Every structure is written in C-alpha cells, then in structure tokens.
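> sequence first, predicted model second:
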Amino acid sequence: MSKLSYLSTEEIDRMKLTWGKNKNKGTNYALYLKNNKSLYTYSEEQESSRNYSWKRSQILLTRDYSKGTYKDIKEEIGTGFLVEGEIPKRKWKILNEIKEIAGYLCMKAETTDSIKSQTIHAWFADAIPSPGGPEGYGGLPGLILELDINDGDAVITATDVDLETPLEKLPYPRKMKGKKTTQPELNKILEKFIAESIEGNKNPFWRIRY
C-alpha cells in the first residue's frame, strides 16, 4: 500500500486495521533438495489442513542446478503459468550482518526486484552447500533460510531444517499444466498490469505474488 500514492492516509489505515489482524498467520511451504535439484511448494502439513473453500493460487518451483534450468508453475493475475528457462543470475551484495535461523548461522545478502520495485534481503547458511532458496531465489554460496521482501512486506523463514531423513525422490506432480511462457515475457505482462492498475487508481498487488 505504501507504493500507492493515490491512497489517502485514512484508506491505508483502514486497510491495515482490516488486514493487519492476519499478520501473525502464514502459509507453510516446503523446500526439498536432492541430487543438486530443488522443489518448492506447499507443505504436506499445509495441504492436509486445508479447511477453507476459496481457491488457492498455484505455486510449484523446480530447479536443476546442474543444468542451470528451472520449470515453474505459478499463478499471477488470476492465470496459471508454466514458466521455464535458464536460472536467472541475480546480482547479490553480501552484507556484514549475521544471525541464527533454525540453528544455522546465516549471512545477509541484498538484491532488487526491478519489476515490482522491491528490495530483497536474504539470509543464507554457507554450512548448507546448496544455491537454492524459497520463492525461486538462489545463487548464493549457501541455502537461503530467510527472505525479507521490501522491509517486511513479506517474510519467508525456515522453521525446521532436516538434512538427516532420506528423501527417496522429489515430489514432482504427474503433469505440470499452465499457460507456457518465459520469465521475460511474464515480466512484461506484470509490468503492464502494475502500470495500468496504478494509472486507474487500483491496487495491483492483490493479484500478483508478493
């Protein structure tokens, strides 16, 4: 809401009062790792506890770090997309800050999302030698255990790390369906949607992922 300059202080306060009640509630996700590949989606616990009727947005992000490729299912602006291509190389700046997350000492790094005009902070553990992370982020010298999007607009953090239980295989779905596109093409769609929404004094951020 801070990006929507046409909203009055009263409107912002009213929305914060309405939606702020859910600030301590979240969604559980799982990030699976095996054979230099990763898969990120809703956790089995989250799926089994579904007791509401509205349709949940699709999210399943896969990475093959050996081949440098990705294949994702994700929902944006009400449409399910199947996005694939080469894993993008993000420009990270490693900062001089550390903290402990889920029992691991993590270092802080920073990048930006130019499409949504966001600053992204990641906390990664170099003790876990995987370049992966939640929400498709990665490319750091260790697994990302926490993402802070735009100074707390959304925070994704690891609550449990299990490197001992054997994983037979990554839980790929039988079929990956969606409107086929590439990330650059999807970026253009999102840029246009955000610009047109703001021009029409509408909030675009309800319909895009973070």
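Received the coordinates, thanks.
> next secondary structure after the worst-scoring helix or strand of the chain on mean pLDDT?
In the chain, no helix or strand scores lower on mean pLDDT, DSSP states H and E than helix 44-48, which sits at a mean of 62. Sequence order places strand 59-64 as the next helix or strand after helix 44-48, per DSSP states H and E.
> what lines up beside that next one in the sheet?
The strands beside strand 59-64 in its sheet (DSSP bridges) come out as strand 37-42 (antiparallel), strand 69-76 (antiparallel).
> I'd like the average pLDDT over the last one.
The reference is to strand 69-76. Per-residue pLDDT over strand 69-76 has a mean of 95.
> what is the subsequent helix or strand relative to that strand?
Defined by DSSP H and E, the subsequent element after strand 69-76 is strand 79-86.
> who are the packing partners of the one helix or strand Leu186 maps to?
Secondary structure from DSSP H and E places Leu186 in helix 183-199. Counting contacts by 3 or more Cβ pairs under 8 Å, 6 or more residues apart in numbering; DSSP states H and E, helix 183-199 packs against strand 69-76, strand 79-86. No exception for glycine: its C-beta is placed from N, CA and C like everyone else's.
> the last one vs strand 59-64, what angle?
For strand 79-86 against strand 59-64, the angle between stretch directions is 10 degrees (axes from the mean of the first three to the mean of the last three Cα atoms, to 10 degrees).
> before we move on, what about the first one?
Counting by the same axes, to 10 degrees, strand 69-76 points 170 degrees away from the direction of strand 59-64.
> mind listing what's buried in strand 69-76?
Across strand 69-76, burial judged by 16 or more other Cβ atoms under 10 Å covers Tyr70, Lys71, Asp72, Ile73, Lys74, Glu75, Glu76.
> what comes into contact with it?
With contact meaning Cβ atoms under 8 Å, 6 or more residues apart in numbering, strand 69-76 is reached by 57-64, 80-87, 136, 176-178, 186, 189-190, 207-209.
> quick check: the gap between the residue lying closest to Ser197 once chain neighbours are set aside and Lys177.
Nearest non-adjacent residue to Ser197, counting by Cβ to Cβ, 6 or more residues apart in numbering: Pro204, 3.5 Å away. Counting by Cβ to Cβ, to the nearest Å, the gap from Pro204 to Lys177 is 25 Å.
> what about the spatially most central residue of the chain, which SS state?
Per Cα atoms, centre = their mean, the C-alpha nearest to the average position across the chain is that of Glu135, at 2.6 Å. Here Glu135 is helix, with the state taken from DSSP: H, G, I helix; E, B strand; the rest coil.
> Ile12 now?
Put simply, Ile12 is helix when judged by three-state DSSP.
> okay, now it: neighbour count?
13 (other Cβ atoms under 10 Å).
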